[in-house]
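Turn this into a model:
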Amino acid sequence: MRKTFIAVAFVAVASFMLAACATVPPERSPRTFHQERTATKQALADAKARGAAEDCPTAYNQVAWQYHGAVDVFWSCRTAEAIAMMKDARAKAEALCGEKVMMEEKVWVIGDANFDTNKDEIKPGVRPVLDDAVKVMKENPKTKFVLHGYTDSRGSDEYNMDLSIRRAKAVKKYLTDRGIDGSRLKVVGHGERNPIAPNYTDEGMAKNRRVEINQVVEK
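Presented below is the predicted three-dimensional model:
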């Protein structure tokens, strides 16, 4: 008799909880929750497959905990809150380790007296290097590059900044004239900053009159 009473009471409580949950509007129904749960579970699996558990373990574990927390909230009959938690967890799972750090790697240096003092014209001696750059850029059509222009220490800061930009633009023009898309090439002028040789000798100043071509890579 006692067992029968307990069973009846259990059914009554379960029926009450189901009835309470049934009052939730359709857009916040248990069915919606289970759909979000399935989607979030898949998003976590995809994140793990792309290495998120190893690359950003703290963030990955936080999303996993939020997933399980949403399940607990759902079974407390707080369906709307559980759905919101699950949607947020799915968005985070899809974005895990998604931010890429853009870095530059030096590929070519156009220097060693390839620019005369106060000039931005490309000298014949540098053309084989630039032709090699054109070849590599055409073989890697999605890769972007930054052209950094420099000068020696002679002249004012304002003049040298303008000259360094003009030198980088001259290199860009050489590349675009040979079929490289200009949108892949960013020009930056540095003036006399960041010398690679002493500016008190002719040889050193010649090395500093340069353009560096850096490849943009994701880390």
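
Give me the pLDDT for residue 90.
In the prediction, the pLDDT value recorded for residue 90 is 88.

nearest residue to it other than its sequence neighbours?
Closest residue to residue 90 in three dimensions, ignoring its sequence neighbours and counting by C-beta to C-beta, 6 or more residues apart in numbering: residue 40, at 4.0 Å. In short, each C-beta sits where N, CA and C put it, glycine included.

dump the residue contacts of that neighbour.
67, 70, 86, 87, 89, 90, 93 (C-beta atoms under 8 Å, 6 or more residues apart in numbering).

Just the ones of the residues you listed in helices?
When helices are assigned by DSSP state H, the members of these inside them are 67, 70, 86, 87, 89, 90, 93.

Sort out which one of those residues lies nearest residue 118 for me.
Out of these, the one with the shortest distance to residue 118 is residue 93. That distance is 57.0 Å, counting by C-beta to C-beta.

How about the closest one: what's its closest non-neighbour residue?
What sits nearest to residue 93 in space, not counting adjacent residues and going by C-beta to C-beta, 6+ apart, is residue 43, at 3.7 Å.

hmm, back to that, what would the ones in helices among the contacts of residue 40 look like in TSV with neighbour count and distance to residue 31?
Formatted as TSV, the ones in helices among the contacts of residue 40 follow (neighbours: other C-beta atoms under 10 Å; distance: C-beta to C-beta, whole Å):
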residue	neighbour count	distance to residue 31
67	20	18
70	24	15
86	27	13
87	16	14
89	26	18
90	23	16
93	25	21
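
so which of these would you say is closest to residue 190?
residue 93 (41.7 Å).

just to revisit the earlier point, adding distance to residue 108, write the contacts of residue 40 out as CSV.
CSV is the format used below for the contacts of residue 40 (distance: C-beta to C-beta, whole Å):
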residue, distance to residue 108
67, 48
70, 52
86, 50
87, 48
89, 46
90, 44
93, 41
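
before we move on, what SS does the residue nearest to residue 93 have?
On the three-state scheme (DSSP: H, G, I helix; E, B strand; the rest coil), residue 43 is labelled helix.

Contact partners for it?
Remark: with contacts taken as C-beta under 8 Å, 6+ apart, residue 43 is in contact with 89, 90, 93, 94.

domains of this protein?
Domain assignment for the chain by automatic domain parsing gives 2-95, 102-218.
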